[in-house]
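Trainee: Here's a sequence, model it:
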Amino acid sequence: MDLEFNKNEDQLKQLCFQLRTKEKKVKQGGGEKKINEQHDKGKLTARERIEYLTDKGARFLEIGLFAGDGMYAEQGGCPSGGVVTGIGYVCGRQCVIVANDATVKAGAWFPITAKKNLRAQEVAMENRLPIIYLVDSAGVFLPMQDEIFPDKEHFGRQFRNNAKMSSMGIVQIAAIMGSCVAGGAYLPIMSDEAMIVDKTGSIFLAGSYLVKAAIGEDIDNETLGGATTHCEISGVTDNKFPNDQACLDYIRTLFDKIGSPVAAGFDRTTPKAPKEKAEEVYGLLPSDRVKPYDMLEIIKRMVDDSAFEEYKPLYGKTILCGFARIEGWAVGIIANQRKTVKTKTGEMQMGGVIYSDSADKAARFIMNCNQRKVPLVFLQDVSGFMVGSKAEKGGIIKDGAKMVNAMANSTVPKFTFLIGNSYGAGNYAMCGKAYDPRLIYAWPTAQLAVMSGNSAAKTLLQIRVSSLKAQGKTITEQEEAELLKEITDRYNEQLSPYYAASRLWVDGVIDPMETRTVISMGIEAANHAPVEKFNVGVIQT
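Mentor: Sure thing, here's the model as predicted:
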């Protein structure tokens, strides 16, 4: 391998090491002291509950690990949004699991917690997956109640989703393993079956202190809403158990008897490893994000047997389209191409720019995949659509709209990965979060923003300098350089994939080697939900 390959490999592996370090810290939740407090109460932590509940050795695809990362500093932070969510397997059945992390502010709901819970419910609803709630929460984080309580996508939306999922026939199982108070009490009771752990689980609309203040009644929380009250007197919960383990064991017995889903019918054969060495991706992706590379070589190290059947290879070369298999599943891949190619007038560096012909090709390919019921995988390294008079005269807006229309109306499941750049309208056309990918993950090399950091910083600097001059102020070259650095540093922080993951613009940041697993588990999940008829709507030709 050449020096450039080794340099790329070293940098990407270092980014993946940083990812693992960050993951390990976030998974500690509220820290060792809080974890020990859980254990002292005879309780498992959220992650321990999931590990005990799910099949031994089975995969667990975490969604939203970095939610809340770097947010709420004044409140002491909210690692992973105070809740663990993901797709796992219970008795061989794929399901969504939502587990409140009581080591983080007693499992209280921050704004990002609500967003993450709704995302988990969305995954269950889109894929018709059973969902398990492991409840242990102090309720809404009151200092921020105005940001979590009244709006459409706030706290109350989860109960609406409970009702909708029930009408859709989606199995919902809840276990009350700690506090469950106020409006949060509706979540487990709107589920199909609700269990409660004796002495540690409690559920009520108002706790003992609020009851005393509101109506003057003196009562302790256990008598008010403990397992005995709700299993023997009120009938609110269905069964009580002596500890977390017994409760989780019972959930497994329920899942052992769930009927089979109606499959969408996506095609799958025997999985094969890539023929090319998958780990070579580390060296093939340039450490310098403006350098060209061949996306086809990345794809060959991602797909089964390294076999990729390219669609229209001689047309619209800045986007690669083609069919392949990933862990046996048939997929249609749409990827931005960044290699340098020879043309009649010389060489052209594609740079991840979408031209009219590329957009037209992608739109046609998307329609073909829908016609054949083949899931779509988008690999983003896109700078945006081509600009300038030549592009405008060539109808770039029309062709771009055609691609966006086909992608937005696509009914086969879509899976998106941010590999490098994800800028501006390119993010939209390549199935960004706004276009409902079933799952969307970023590699540590990704950047997500309206435009590149360099372009944005210079634009923002010009605006700031013009504003200062309009106020009659002068600015020296040194002050201008300092201002540019300040703007660049702030913008670059927002470009980070972790910044996107903390706000759930992506479902997480992953090592490139995990991409096949995400796609495979994602299609397996999507196969639980029948595909609707594709109707592209009005497209100008």
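
Trainee: from what I can see residue 433 touches residue 505, true?
Mentor: Yes: the criterion here is Cβ atoms under 8 Å, and residue 433 meets it with residue 505 at 5.3 Å. The way it works is simple: take the backbone N, C-alpha and C, and place the C-beta from them, glycine included.

Trainee: so what does the helix or strand harbouring residue 331 touch, helix or strand wise?
Mentor: Using DSSP states H and E, residue 331 falls within strand 329-336. If you count contacts as 3 or more Cβ pairs under 8 Å, 6 or more residues apart in numbering; DSSP states H and E, strand 329-336 packs onto helix 295-300, strand 319-326, helix 356-372, strand 376-382, helix 515-526.

Trainee: Which parts of the stretch 201-350 of the chain are helices?
Mentor: For the stretch 201-350 of the chain, the helices defined by DSSP state H, counting those that start in this stretch cover 208-215, 221-225, 227-228, 244-255, 281-284, 295-300.

Trainee: What's the mean pLDDT across the third one?
Mentor: For helix 227-228, the mean pLDDT works out to 93.

Trainee: Give me the residues contacting it.
Mentor: The contact list for helix 227-228 (Cβ atoms under 8 Å, 6 or more residues apart in numbering) reads 196-199, 201-202, 222, 237, 240.

Trainee: if you set the cut-off to 7 Å instead, what comes out?
Mentor: 196-198, 201, 240 (Cβ atoms under 7 Å, 6 or more residues apart in numbering).

Trainee: Distance to residue 489 and mean neighbour count for the helices of the stretch 201-350 of the chain - can I get that in CSV?
Mentor: Converted to CSV, the helices of the stretch 201-350 of the chain look like this (distance: least, Cβ to Cβ, whole Å; neighbours: other Cβ atoms under 10 Å):
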stretch, distance to residue 489, mean neighbour count
helix 208-215, 46, 12
helix 221-225, 49, 18
helix 227-228, 53, 18
helix 244-255, 45, 18
helix 281-284, 28, 22
helix 295-300, 30, 20
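
Trainee: Which of these sits closest to residue 49?
Mentor: Across the helices of the stretch 201-350 of the chain, residue 49 has its closest neighbour in helix 244-255 (6.2 Å, Cβ to Cβ).

Trainee: Which strands or helices does the closest one pack on?
Mentor: Contacts defined by 3 or more Cβ pairs under 7 Å, 6 or more residues apart in numbering; DSSP states H and E place helix 244-255 against helix 46-53, strand 83-90, strand 172-181, strand 193-197, strand 239-241.

Trainee: before we move on, back to that, what is the orientation angle of the strand holding residue 331 with strand 376-382?
Mentor: Using axes from the mean of the first three to the mean of the last three Cα atoms, to 10 degrees, one finds that strand 329-336 and strand 376-382 are set 20 degrees apart in direction.

Trainee: Let's test this: mean pLDDT of strand 329-336, rounded?
Mentor: 98.

Trainee: Tell me which residues are up against it.
Mentor: Residues outside strand 329-336 that contact it (Cβ under 7 Å, 6+ apart): 266-268, 295, 299, 318-325, 352, 362, 365, 369, 374-382, 430, 519-520, 523.

Trainee: ok now stretch 439-450, how far from the chain's centre?
Mentor: 10 Å (Cα atoms, centre = their mean, to the nearest Å).

Trainee: do stretch 235-247 as well
Mentor: Chain-centre distance of stretch 235-247: 32 Å, with Cα atoms, centre = their mean.

Trainee: go on, stretch 69-78?
Mentor: Stretch 69-78 sits 20 Å away from the centroid of its parent chain (Cα atoms, centre = their mean).

Trainee: Let's see the distance spanning it from one end to the other.
Mentor: Its first and final residues considered, stretch 69-78 spans 7 Å by Cα to Cα, to the nearest Å.

Trainee: Show me the contact partners of that stretch.
Mentor: 26, 68, 104-105, 110, 112, 143, 498, 501-502.
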